[in-house]
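my questions concern the predicted model and sequence given below.
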Protein chains: 2
Amino acid sequence: MRIALAQLNYHVGNFPENSSRIIAAIGKAKGQGAHLVVFSELSVCGYYPNDLLERLEFIQESLTAIEKIASCCNGIAALVGGPSFNPSPKGKMLFNSAFFLKDGAIKSIHSKTLLPTYDVFDEYRHFESNKEFNLIELNGNKIAVTICEDLWFNQKVMNAFARENLYATSPMEENCRQNPDLVVNLSASPFSYHQERLRKDILIENAVKYNVPIIYVNQVGAQTELIFDGGSFMVDQQGKVVKELAYFVEDFAIIDTLDGETNQLQPQTETSEKIYQALVLGITDYFRKSGFSKATLGLSGGIDSALTLVLAVRALGAGNVNVLLMPSQYSSDHSVNDAVALAERLGVSYETLPIHAIAAAFDETLASTFKGLPNDLTEENIQARVRGTLLMAFSNKFGNILLNTSNKSEAAVGYGTLYGDMNGGLSVLGDLYKTEVYQLSNYINREEEIIPFNTLLKPPSAELRPDQKDSDSLPDYDLLDAILYQYIDQARSVDEIIASGYDEVVVRKVVQMVNRNEYKRFQAPPTLRVSSKAFGFGRKMPIVARYPL
Amino acid sequence: MRIALAQLNYHVGNFPENSSRIIAAIGKAKGQGAHLVVFSELSVCGYYPNDLLERLEFIQESLTAIEKIASCCNGIAALVGGPSFNPSPKGKMLFNSAFFLKDGAIKSIHSKTLLPTYDVFDEYRHFESNKEFNLIELNGNKIAVTICEDLWFNQKVMNAFARENLYATSPMEENCRQNPDLVVNLSASPFSYHQERLRKDILIENAVKYNVPIIYVNQVGAQTELIFDGGSFMVDQQGKVVKELAYFVEDFAIIDTLDGETNQLQPQTETSEKIYQALVLGITDYFRKSGFSKATLGLSGGIDSALTLVLAVRALGAGNVNVLLMPSQYSSDHSVNDAVALAERLGVSYETLPIHAIAAAFDETLASTFKGLPNDLTEENIQARVRGTLLMAFSNKFGNILLNTSNKSEAAVGYGTLYGDMNGGLSVLGDLYKTEVYQLSNYINREEEIIPFNTLLKPPSAELRPDQKDSDSLPDYDLLDAILYQYIDQARSVDEIIASGYDEVVVRKVVQMVNRNEYKRFQAPPTLRVSSKAFGFGRKMPIVARYPL
């Protein structure tokens, strides 16, 4: 049997565009003699529509689109993802379904059993869990249809502590009782730099355990915070990956399932390369899908804004990025020089808007209110907010979206000014710790100096007061990031972190900073997610609470 | 049998404080001869800890607190809410449980079956659903223990379309097969202005249907956005409410369940009174629980900031509120006069910081960048951001939390400046449409002029350009709010709203404004929730999406 894998980039709610892409892929698959073409999870509406799923007109538009797609399925069958109504009057209204389309009609509906409701996933908010397992018969083959998490019954549970299984029912177990010749999986599995390996391991384990080949089709493209990396593949019943589609781009492939090994695999890429591709795709799709083309950002001469600029230029083109240099009296000459050097090297237009006159006007206006009080963080924050306001003025006037340049270490400890350098429509580096920012910058510079060496070598500084260094207020980033990674990404307790060899005073200080700054992160921009625990919807912490320590 | 109802105000994660309150109430109940004292849902840790539930040290601290409380239960039994470990190796790690404490120990654990995962509720993110129903035997009575949503099996499903039941299992049905003499319900049911009636109807329906009295103990107090209103009560098996505790304050009552009617009910209050009490409690608890006492806000002479100020003063005291007046050249004299009159009437200290010098410095700095371009929204936004920065400077210097003064109509259509008037640690009026702001202001003024009549009578204006009126950019608020209510609170489609008698062009324009401003609301402050559909965690919409229209 000949099966096509269609790995496409969907836009949430854009039924006309999504349907066109799906229908085109059906035509292509049919042209190549495929009997079946498989799309990804919720393909017709894009993953994930969130509370748009509570709007009846959204569901109706989705079902209309499915029917239109079905009418194009003659001489070929297709599996397309979309919401379907729960026929029972009990339970949630919807299923997260795969529609089996053939002979111009919907032949059957196969729904998702395991509904991830943790980290960035919220599926039980909208969907009822499936309890019926019916195979498809096509060309003499029996095919089990599963959706994403359905294959993750055996996952090592991420949220905290060793548990055997996160779910009570195993859809693979249920399906494989009926001896399928093939399992297909419609997926929308967001990228994180561990995920590709994890995903393959899980699928291989399933294929071997149940002695059945599995075809896995993933979504590609970014939806605000979440970046879907594609990399669809087939694993045979011996657990060998025999075909693999490209990462971070749309792709299409034909598999003749009964032919045995084909072994067309993607080249291995290192973590920095993956993160690089993910972030570029994240920026590209944020702009394209929201109908914007131009970006702006504040270029300080530091490493965060330098790296953000390089990524923005790769995503949008140098002609679509304008940067502002906004030096104060505390900015060093080399910062300005490094910023100019980078902008010129990249061919990006820049303007220099010194902030001292505006900051002085604030001081003047506040003089009587603040009379007799020493300068403190207030005056540093004013500088950051003047810059944030200038950037937003540029954004408002010219229609550029402001890119935020904060990193995950800063976001974690609250080392940033709300309504100042925390401004932006999208945080590009907000899921990279400072040490990872350096790693990615070195990757960018692997063949030639793109980010000025000087920017890479000088000690990090916010330059908000004379001779300020980040290390005045924070532990060195190597140490800070190691503690943050344990606390945030690994959810370890303070005691465990100390026991792993860190100084108690430092650990407590860092953890307190993290806990006290939930209010800032609550108002932070959406952040491109590249790790398995990013700030944003995947980490919901109370603002007004006493935290255990 | 004598039962005490302990309606307390908990602080999320504050195990020492929560335990002290619980232990004190146990002592009081014992002193009054009670056999059992009932607390609310997740009382030991406060509702809702969110992803703190994924941290093992949090669960351990919670269990330690439960054991300590158990050790105080001699000569009296107690039902205390808290997370418990799921003894099965399958499924989520935790149950949302009621611990039955007696003779100094945990006697049994009764867990929640129906886990609300919609609107502001996220319980399946953290908890497994209970499937075992065991009654408690105490003093010859059989008591069924349920937790909040467990009684809501028969609710009219809120999220969208008529369905019979949101859940497949009825815990009341399961429990009542064992013929309990009494059902108790540990609850954490947040206030919305429909909720009190809804809640009573549901409990009465259950009591009558199963012919059993129900004791319902609710949490009181605010946890960031969510305001819990208390109002614990008992309904007898005929469906008569025979005892009702106070609203919006801690309360305690003794019920002799077999004595028949007592009928001590709270006086009926109108909606405005409830919303007033809810918002004052919301502000009070936000400050108290985060360890702050002082607030600031910008007083414009308009109705939103006037009402916010009155509420802040009622919550925190006039001595703890400082306001800034920040007139521009477009501010009318009457605005400044109205603002001064209100501040003086309330005894609140104010300072006047004109913004024209700072705005001029921005214009000067941006002159060459914006050369030849007409003034537009950019310059209006700069004024709003100058004010936002001045307020944050005041907040930073003196440790006052900035209260946001935006209303729900503005938040809905994006009529506000991100990083400007959208600044603040807490949005007080963000769940009140403009017309509701007027209603509540008239309620404040019901006996005397507190908010200046002039503020109530003049046409709303942002005063960001000469002679500006809100009605230049927006439909009149009566019309706007009616459309917004249907679209947001009732989740009606554009077609339905038009069919209900509104102009198509206006409806489409309004709905488009709502859809296009998800990116602004993503970065808005937490908002005190008083309706059944507030902006914030209860309404998760994608930013980068095509919306159905």
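Ah, there it is.

how about the residues of the stretch 1-150 of chain A that lie near chain B?
A:11-15, A:17, A:46, A:48-52, A:54-58, A:61, A:89-93, A:117-118, A:122, A:124-125 (CB under 8 Å from any CB of the partner chain). Where C-beta positions appear, they are placed from N, C-alpha and C, glycine not excepted.

tell me which stretches of the stretch 51-200 of chain A form strands.
Along the stretch 51-200 of chain A, counting by DSSP state E, counting those that start in this stretch, strands occupy A:77-85, A:94-102, A:105-111, A:136-138, A:141-147, A:182-187.

pipe the ones you listed into JSON lines and attach mean neighbour count and mean pLDDT per row.
Shown next, in JSON lines, are those (neighbours: other CB atoms under 10 Å in any protein chain shown; pLDDT from 0 to 100):
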{"stretch": "strand A:77-85", "mean neighbour count": "24", "mean pLDDT": "98"}
{"stretch": "strand A:94-102", "mean neighbour count": "25", "mean pLDDT": "98"}
{"stretch": "strand A:105-111", "mean neighbour count": "19", "mean pLDDT": "98"}
{"stretch": "strand A:136-138", "mean neighbour count": "17", "mean pLDDT": "97"}
{"stretch": "strand A:141-147", "mean neighbour count": "24", "mean pLDDT": "97"}
{"stretch": "strand A:182-187", "mean neighbour count": "27", "mean pLDDT": "98"}
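
distance to B:Pro354 added to those strands, as TSV?
Listed next are these as TSV, based on distance: least, CB to CB, whole Å:
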stretch	distance to B:Pro354
strand A:77-85	54
strand A:94-102	55
strand A:105-111	62
strand A:136-138	72
strand A:141-147	60
strand A:182-187	58
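
shaky segments in the stretch 201-350 of chain A?
Applying pLDDT under 70 to the stretch 201-350 of chain A flags the ranges A:258-261.

can you list the residues of it near chain B?
A:223-224, A:285-286, A:289-290.

could I get the residues you listed as JSON lines with secondary structure and neighbour count?
Formatted as JSON lines, these follow (DSSP: H, G, I helix; E, B strand; the rest coil; neighbours: other CB atoms under 10 Å in any protein chain shown):
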{"residue": "A:Gln223", "secondary structure": "strand", "neighbour count": "27"}
{"residue": "A:Thr224", "secondary structure": "coil", "neighbour count": "27"}
{"residue": "A:Asp285", "secondary structure": "helix", "neighbour count": "22"}
{"residue": "A:Tyr286", "secondary structure": "helix", "neighbour count": "27"}
{"residue": "A:Lys289", "secondary structure": "helix", "neighbour count": "25"}
{"residue": "A:Ser290", "secondary structure": "helix", "neighbour count": "18"}
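
quick check, nearest of these to A:Leu182?
A:Gln223 (28.9 Å; CB to CB).

distance-wise, check A:Val145 relative to chain B.
23 Å (CB to the nearest CB, to the nearest Å).

coming back round to it: report the buried members of the residues of the stretch 1-150 of chain A next to chain B.
A:11-15, A:46, A:48-52, A:54-55, A:57-58, A:61, A:91-93, A:117-118, A:122, A:124-125 (16 or more other CB atoms under 10 Å in any protein chain shown).

OK, contacts around the closest residue to A:Ala77 other than its chain neighbours?
In this structure, A:Ala77 finds its nearest non-sequential neighbour in A:Lys102, 4.1 Å apart by CB to CB, 6 or more residues apart in numbering or on different chains. A:Lys102 makes contact with A:73, A:76-78, A:138, according to CB atoms under 8 Å, 6 or more residues apart in numbering or on different chains.
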